[in-house]
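Asks: Compute the structure for the input listed below.
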Amino acid sequence: MNSTMTTNTHGLPVALPGAEAETLMWAHPHEVEPQALDQLRNISRLPWVHGVRVMPDVHLGKGATVGSVVAMRDAVSPAAVGVDIGCGMQAVRTSLTAADLPEDLHGLRLAVEAAIPVGFSSHDAAPNVRRLGLEHGRFSGWKAFWAGFADLHEDVQDRERRAMQQMGTLGGGNHFIELTVDDDEQVWLMLHSGSRNIGKEIAERHIHAAKGLEHNLDLPDRDLAVFLAGTPQMDAYLADLYWAQEYAARNRAVMMAIFQQVVTEAFAGGGLEVEYGEQISAHHNYVAQEVLSDGTVLVVTRKGAIRAGLGEYGLIPGSMGTGSYVVKGLGNEASYWSASHGAGRRMSRAKAKRTFTVEDLASQTAGVECRKDAGVVDEIPGAYKDLGAVIEAQTDLVEVVARLTTLMCVKG
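Replies: Next up is the predicted model:
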């Protein structure tokens, strides 16, 4: 792979000094916090690792580094995926233009928050997918999907009702629902969420089980414990993982359908019929089997990274108020066909709360209809890296299709 690898205009990728398995970075090491570099080196020292790829939004994570792509031979690390299994993005272009929007989007934000539970809230029951138009196509087979719950880890069997109630809900943290506009003044709907509590419950149980296996006892970091191919433990984890990834994708589809319903009804009163284009959906915390051009079969974990195969659409969001990008993959095998998942944090949530005030939040989100209170100060734009610079660092991985400017943002 190295013989054909080229660097982009920023001199990237570069090899991480001190790594054992080949670790290529689309970020300069001196720009990354030392703890994250040490974490990447620990990952590279696992005997099952074929290679590591580091995206420009890289930062310290729990277990594995956020913004990392870990390719293993015959093994998988549940902590390298993390607890928000299947977290990702979904977006759709609408027929609305900026000129169609009211001057004040506060009422629309309240309507979205009333229809889609945020934070720890949930629906009273699983949403009616028939009424949402999700009976057919990609998200058909709901009965079979829910029947698969009985095959999940025995310790999560009492969570089925909660999982059903949380289908079509946002959660908190960096998850969001946004109304945005592109440079052609076309309105887009976008959202970011994952597998909610059931993904977390599944992940925690398998991470705990992996740490107790004998082959993991001498690892440099027990959070990097792995399951090995051909074992019941890895088979059970992957079965649960793939179910949770599907839950996350369906969760986003349900939320987007509800979001579209709210928008449609909001404009119907004025006699404006809203049409919607093709959905773009992309996981950025997930596992997939990939095959290199030389035939090498790898288990690839993307934690805070999207797949950027040739012609594949992806979504790279910023923070509250800084907009997002719709991109198309360039199919760069040197990155294991990957790109960044967002801007990436430049400071922890705790530091952001110590550094910024509610007044700072209001200033940095000026012009955006969103919460501007102490509960979301840790999501302030200043706590994140510059999204434009992150995009510029990966011009050999993706091309920009559209730049989206945030007008309204719903947070948990």
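Asks: Stretch 194-214 - what's its average pLDDT?
Replies: On average, the pLDDT along stretch 194-214 is 97.
Asks: whoops, stretch 341-358 was the one
Replies: 95.
Asks: what residues are up against the nearest residue to residue 104 once chain neighbours are set aside?
Replies: In space, and not counting its chain neighbours, residue 104 is closest to residue 369: 7.6 Å by Cβ to Cβ, 6 or more residues apart in numbering. Bear in mind the C-beta positions are built from the backbone N, C-alpha and C, glycine included. Neighbour list for residue 369: 104, 105, 106, 108, 109, 407, 408, 409 [criterion: Cβ atoms under 8 Å, 6 or more residues apart in numbering].
Asks: filter those residues to the buried ones?
Replies: Using 16 or more other Cβ atoms under 10 Å as the burial test, the contacts of residue 369 include 105, 108, 109, 407, 408, 409 as buried.
Asks: show me where the stretch 51-200 of the chain has strands.
Replies: If DSSP state E, counting those that start in this stretch is used as the criterion, the strands of the stretch 51-200 of the chain fall at 66-72, 75-76, 88-97, 176-182, 186-193.
Asks: what's the most buried one of the ones you listed?
Replies: Among those, the stretch with the highest mean neighbour count (mean count of other Cβ atoms under 10 Å) is strand 66-72, at a mean of 27.
Asks: Report all helices and strands that that one contacts.
Replies: Here strand 66-72 touches helix 34-44, strand 49-59, strand 297-303, strand 305-307, going by 3 or more Cβ pairs under 8 Å, 6 or more residues apart in numbering; DSSP states H and E.
Asks: pLDDT averaged over that strand, what's the number?
Replies: Mean pLDDT, strand 66-72: 98.
Asks: again, but for stretch 129-140
Replies: On average, the pLDDT along stretch 129-140 is 93.
Asks: which other residues reach it?
Replies: 142, 249, 250, 253, 254, 257, 258, 261.
Asks: Most widely separated two among those residues?
Replies: Within the contacts of stretch 129-140, 249 and 261 form the most distant pair, 19.0 Å apart (Cβ to Cβ).
Asks: center of this structure - which residue?
Replies: residue 88 (3.2 Å; Cα atoms, centre = their mean).
Asks: My guess is it contacts residue 248. True?
Replies: Yes: with contact defined as Cβ atoms under 8 Å, residue 88 counts as touching residue 248 (6.4 Å).
Asks: what's the overlap in contacts for those two?
Replies: Taking Cβ under 8 Å, 6+ apart as the criterion, residue 88 and residue 248 both touch 193, 194, 283.
Asks: Now the first one: closest residue in space, sequence neighbours ignored.
Replies: The shortest distance from residue 193 to any residue that is not its chain neighbour, by Cβ to Cβ, 6+ apart, is 4.6 Å, and that residue is residue 175.
Asks: Just give me the neighbour total for that neighbour.
Replies: 22 (other Cβ atoms under 10 Å).
Asks: who touches it in this structure?
Replies: Each residue near residue 175 by Cβ under 8 Å, 6+ apart is listed here: 191, 192, 193, 194, 411, 412.
Asks: Tell me what the nearest residue to the first one once chain neighbours are set aside is bridged to.
Replies: The reference is to residue 191. Sequence neighbours aside, residue 177 is the residue nearest to residue 191 in space, at 4.5 Å (criterion: Cβ to Cβ, 6+ apart). Counting by DSSP bridges, residue 177 forms beta bridges with residue 191, residue 410.
Asks: Could I get the pLDDT score of the closest residue to residue 76 other than its chain neighbours?
Replies: Computed as Cβ to Cβ, 6+ apart, the closest residue to residue 76 that is not its neighbour in sequence is residue 299, at 5.0 Å. Note on residue 299: pLDDT of 98.
Asks: so residue 113 touches residue 411, yeah?
Replies: No: counting by Cβ under 8 Å, residue 113 sits too far from residue 411 to count as a contact (9.5 Å).
Asks: And these two? Which one has more around it.
Replies: Neighbour count, other Cβ under 10 Å: between residue 113 and residue 411, residue 411 has more, with 22 against 19.
Asks: Now do the same contact list for that one.
Replies: With contact set as Cβ under 8 Å, 6+ apart, residue 411 has these partners: 118, 172, 175, 176, 320, 370, 371, 376, 379.
Asks: ok, now residue 9?
Replies: Residue 9 makes contact with residue 395, according to Cβ under 8 Å, 6+ apart.
Asks: Next SSE downstream of the longest helix anywhere in the chain?
Replies: Counting residues, the longest helix found in the chain (DSSP state H) is helix 232-268. Next in sequence after helix 232-268, counting helices and strands by DSSP states H and E, comes strand 280-283.
Asks: Put the alpha carbons of that following strand into CSV.
Replies: The C-alpha trace of strand 280-283 is given here as CSV (Å, rounded to 0.1, in the frame of the first residue of the first chain):
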residue,chain,number,x,y,z
ILE,A,280,-28.0,10.2,2.9
SER,A,281,-27.2,8.1,5.9
ALA,A,282,-23.8,7.2,7.3
HIS,A,283,-22.6,5.3,10.4
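Asks: strands paired with the next helix or strand after that strand, and their directions?
Replies: Next helix or strand after strand 280-283 toward the C-terminus (DSSP H and E): strand 285-291. If you go by DSSP bridges, strand 285-291 pairs up with strand 297-303 (antiparallel).
Asks: Tell me the buried residues in the strand it pairs with?
Replies: 298, 299, 300, 301, 302, 303.
Asks: Out of those residues, which comes closest to residue 223?
Replies: Scanning those for proximity to residue 223, where the rule is Cβ to Cβ, the winner is residue 303, at 12.0 Å.
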